[in-house]
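Undergrad: need a 3D model of the sequence below.
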Amino acid sequence: MYNFYLASDTLRDVLKGVGFKTVTFGEFSDLDLSRKTIFPNAHIVPGPMQLNPRVIGYTFRVTASDIVNFSKDDPADLDDPFLGLNNTQDIFNDLATRLSNAVDTLRRKAFDDMPTEVLVAPSIDPFMEKHENILTGWTIEITINMPSDATIC
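TA: Numbers count the residues shown, from 1 in each chain. From the prediction side, this is the model:
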């Protein structure tokens, strides 16, 4: 199934193209949380595959994340406490824009002149993780439908 490589490699290239410093692949637990990864990071986890008569749908769960930075300012000195003492809202805004641009690029991209359709879940889910470093970001599910390359003998 060459199409899996084409779908996953194209997804990786598109994510790099919209500014993700590192794109990784595997289970979410494989994501390097010890600050060796250069952020923002996009982590691709393969999902269910849909087998239809002439089309195969490859589903990928993409988690876009960045490290939250905290200010050393005194919370009492804040003009607007809504923004807080970290860059969480900046991260949400930046990564949502990157993911939106990636989806738009995927929808326009031609896969070796094959009729391809990119389906996206109707929403992306926010997350905030506390590990060795605090990560914030979004998770989106993307399905790339491609013609089956199976042959009937």
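Undergrad: just the pLDDT at the residue nearest to the spatial centre of the chain, thanks.
TA: Geometric centre of the chain, nearest residue: residue 62, 3.2 Å, by Cα atoms, centre = their mean. Looking at residue 62, its pLDDT is 96.
Undergrad: so it touches residue 143, yeah?
TA: No. Residue 62 is beyond contact range of residue 143, at 11.4 Å (criterion: Cβ atoms under 8 Å). C-betas here are computed from N, CA, C, even on glycine.
Undergrad: what comes up buried for the helix or strand that contains the residue nearest to the centre of the chain?
TA: Using DSSP states H and E, residue 62 falls within strand 55-67. For strand 55-67, burial by neighbour count (16 or more other Cβ atoms under 10 Å) applies to 56, 57, 58, 59, 60, 61, 62, 63, 64, 65, 66, 67.
Undergrad: for the second one, list each beta-bridge partner.
TA: What it means is residue 57. Taking DSSP bridges as the rule, residue 57 bridges to residue 50, residue 145.
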